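# Sequence and predicted model, in that order:
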Amino acid sequence: MCSGFVAGAFPLDVKGLDTARTAVMVYDLTFNRPVVQANVDKPLIPASIMKSVTAASVLNLADSYERFMTPVIADGVIEGNVLHGNIVIKASGDPTIESEHFPEACHFADSIAASLLAAGISRIDGSVIVDESGFIHTGTPQGWMKEDLTWPYGTDLHGANFRDNKFILRLPSRTTEPHVPGLDIRHINQGARARSVKRQDGSSTVTFSGRIPPKGWSDRLSTPDPGKVMQHEVTETLRKSGIEIGGGNLSRGTGSTLIYTHFSPTFDSILRSLMHRSDNMMAEGMLRALRPGASRDDAIAEELKIWTDKGISTKGLSIEDGSGLSRNDRMTAAFMTEMLRSMLGPEYGRDYISLFPVAGRDGTMKRTFVDTPLEGSVALKTGSMKGVRSFAGYRFDESGTPTHVIVVIANGLRCKPADLKKGLESLLLEIF
């Protein structure tokens, strides 16, 4: 039985819970008061509920239907069917190009080829160039763990992002899908039973350790330089479309002709997808959308200004990234509660609420609270990393109107994640 209403007891009755490093807030929106609360002013590692802050910040500053734009320029002089110059892709941080999660954002290279042929260009003296100068890349955020960077969930945001910045590596053939130019694959400890894969931050060397199974081995890894993958795929697609590419390293020409502009899905579509799937790279892209062309620090400063301008205290709030993957992030349950309350205004309330996965139905909440009265009536963003579990979102009445804000941030967790979910379920059922 939950001990949420016993005087002096911690609201969550979960064995292995570090109650000194766990914050709980359930806030009644009808009566404007907390139902239960504990440690709400303590700064804690929030994990992926930081994405809820990123999404709210974007909706405060941008139109839901805004999009990333990637222009493709014929840089040089066009004479007849020949471009005496280069094709330049002006990449500026769109995280969705050729994403498997957005079919409408695919066919990037095909669209460039079709646009060139429509313009009568069938030969390019120069090369395909991916220009990322409009994006300030400062490396991975502080607090990201080295072991995370090898895997797709730990991929960094670049000016040019392509195919979710991930690829499949197959051994022993050493082939990749898509092709990753310049990848250095090293195989060590070839007789060892235990297998591991590592890549250092900023390096194009993947080190595989251990024995390769008789049927081979494959896995998805993060792409070191997605701009090179984009460049290679666009170049090969143009050639297959009958466009000759000289490949010369030409200097910038005197002419500049817009050939094609690629538009991302709308911001609300990106936010909904990243919130439901907890996509770190796309969250980083949306953070940077707060200050296009500026640095990550500038975007974070803009984010903090949004909430201070709204009169919400940011005491105890420390932001290193937009995804919550950094272990340097800190947040209080009090801040998260006030932020979630502020997002219920008519200007973006329904848009924002729709971003949260619904218990028993969507994304990271699909298997949570199934076959309980909470199924379908609670929508929560979840967060998970070693020793950390978090939940933040809303409870709704039968008409779909939010009635409560729910925030749980647990650090130093020594229990099974399922036990914490069960404890939260017991608390919420007792309240509701």
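Structure received.
# Quick check: which ranges of the stretch 251-400 of the chain have low pLDDT?
By pLDDT under 70, the low-scoring segments of the stretch 251-400 of the chain are 251-253, 349.
# Let me see the ranges of the strands in it.
Per DSSP state E, counting those that start in this stretch, the stretch 251-400 of the chain carries strands over the ranges 256-263, 378-385, 388-396.
# wait, which of these is closest to residue 284?
Checking the strands of the stretch 251-400 of the chain against residue 284 by Cβ to Cβ gives strand 378-385 as the closest, at 15.5 Å. Every C-beta, even on glycine, is put in place using the N, C-alpha and C of the backbone.
# how distant is that closest one from the center of its chain?
14 Å (Cα atoms, centre = their mean, to the nearest Å).
# Please enumerate residues in contact with that strand?
45-52, 275, 278, 324-325, 327, 353, 355-359, 362, 364-365, 368-369, 389-396, 406, 409, 417, 428 (Cβ atoms under 8 Å, 6 or more residues apart in numbering).
# mind running it again at 6 Å?
With contact meaning Cβ atoms under 6 Å, 6 or more residues apart in numbering, strand 378-385 is reached by 46-49, 52, 324, 356, 358-359, 364-365, 390-395.
# ok, back up a step: relative to residue 348, which of the strands of the stretch 251-400 of the chain is closest?
Checking the strands of the stretch 251-400 of the chain against residue 348 by Cβ to Cβ gives strand 388-396 as the closest, at 14.0 Å.
# and the angle for whichever helix or strand comes after that closest one with strand 388-396?
Moving toward the C-terminus from strand 388-396, the next helix or strand (DSSP states H and E) is strand 402-410. In terms of direction (axes from the mean of the first three to the mean of the last three Cα atoms, to 10 degrees), strand 402-410 departs from strand 388-396 by 170 degrees.
# Now do the buried residues in the helix or strand that strand 402-410 is followed by.
With elements assigned by DSSP H and E, the helix or strand that comes after strand 402-410 is helix 417-431. Burial within helix 417-431, assessed by neighbour count using 16 or more other Cβ atoms under 10 Å, is assigned to 419-428, 431.
# Equivalent analysis for stretch 395-410, please.
Within stretch 395-410, the residues scored as buried using 16+ other Cβ under 10 Å are 395-396, 402, 404-410.
# Check stretch 338-352 too.
Under 16+ other Cβ under 10 Å, the buried positions of stretch 338-352 are 338-344, 348, 351-352.
# Taking these, tell me the two that lie furthest apart.
Spatially, the most separated pair among the buried residues of stretch 338-352 is 338 and 351, at 19.1 Å (Cβ to Cβ).
# of all the buried residues of stretch 395-410, which comes closest to residue 131?
Nearest to residue 131 out of the buried residues of stretch 395-410 is residue 409 (Cβ to Cβ; 41.0 Å).
# Model confidence at the closest one, what's the number?
The score at residue 409 is 98. That number is its pLDDT.
# same deal with residue 4?
At residue 4, the model reports a pLDDT of 38.
# What ranges does this protein have for its helices?
With helices called from DSSP state H, the chain shows them at 50-61, 108-118, 226-240, 267-277, 280-288, 296-309, 333-342, 349-353, 417-431.
# ranking the ones you listed by burial, who's on top?
Of all these, helix 280-288 carries the top mean neighbour count, a mean of 27, counting by mean count of other Cβ atoms under 10 Å.
# Show me the contact partners of that one.
For helix 280-288, the external contacting residues (Cβ under 6 Å, 6+ apart) are 51, 54, 58, 93, 95, 153, 155, 157, 165, 270, 274, 299, 322-323, 325.
# what inclination does it have with respect to helix 226-240?
Going by the same axes, to 10 degrees, helix 280-288 makes 100 degrees with helix 226-240.
# How about residue 80: what's its closest non-neighbour residue?
Once flanking residues are discounted, residue 80 sits nearest to residue 120: 7.7 Å by Cβ to Cβ, 6 or more residues apart in numbering.
# Confirm for me that that neighbour is in contact with residue 81.
Yes: when contacts are counted by Cβ atoms under 6 Å, residue 120 is listed as touching residue 81 (5.5 Å).
# These two: which is more packed in?
Between residue 120 and residue 81, counted using other Cβ atoms under 10 Å, residue 81 has the larger neighbour count: 14 against 10.
# got the contact list for that one?
Residue 81 makes contact with 120-122, according to Cβ under 6 Å, 6+ apart.
# On the pLDDT front, check it for me.
pLDDT for residue 81: 97.
# Mind putting the helices of the chain into a markdown table with distance to residue 317?
Listed next are these as a markdown table, based on distance: least, Cβ to Cβ, whole Å:
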| stretch | distance to residue 317 |
| --- | --- |
| helix 50-61 | 9 |
| helix 108-118 | 37 |
| helix 226-240 | 31 |
| helix 267-277 | 20 |
| helix 280-288 | 14 |
| helix 296-309 | 7 |
| helix 333-342 | 5 |
| helix 349-353 | 19 |
| helix 417-431 | 23 |
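# between the contacts of helix 280-288, which is nearest residue 201?
Taking Cβ to Cβ as the measure, residue 201 lies nearest residue 155 of these, at 11.1 Å.
# Quick check: buried residues in the lengthiest strand in the chain?
Across the chain, the longest stretch assigned as strand under DSSP state E is strand 69-79. Neighbour-count burial for strand 69-79, with 16+ other Cβ under 10 Å as criterion, is recorded at 70-76, 78.
# same for that strand, what does it pack against?
strand 82-90, strand 256-263 (3 or more Cβ pairs under 6 Å, 6 or more residues apart in numbering; DSSP states H and E).
# run the last query once more with 8 Å
Applying 3 or more Cβ pairs under 8 Å, 6 or more residues apart in numbering; DSSP states H and E, we find strand 69-79 packed against strand 82-90, helix 108-118, strand 256-263.
# Other residues contacting stretch 137-144?
By Cβ under 8 Å, 6+ apart, the residues outside stretch 137-144 that reach it are 149, 154, 156, 158-159, 201-202, 284, 295-297, 320-321, 325-329.
# From the chain's centroid, how far away is that stretch?
With Cα atoms, centre = their mean, you get 14 Å for stretch 137-144.
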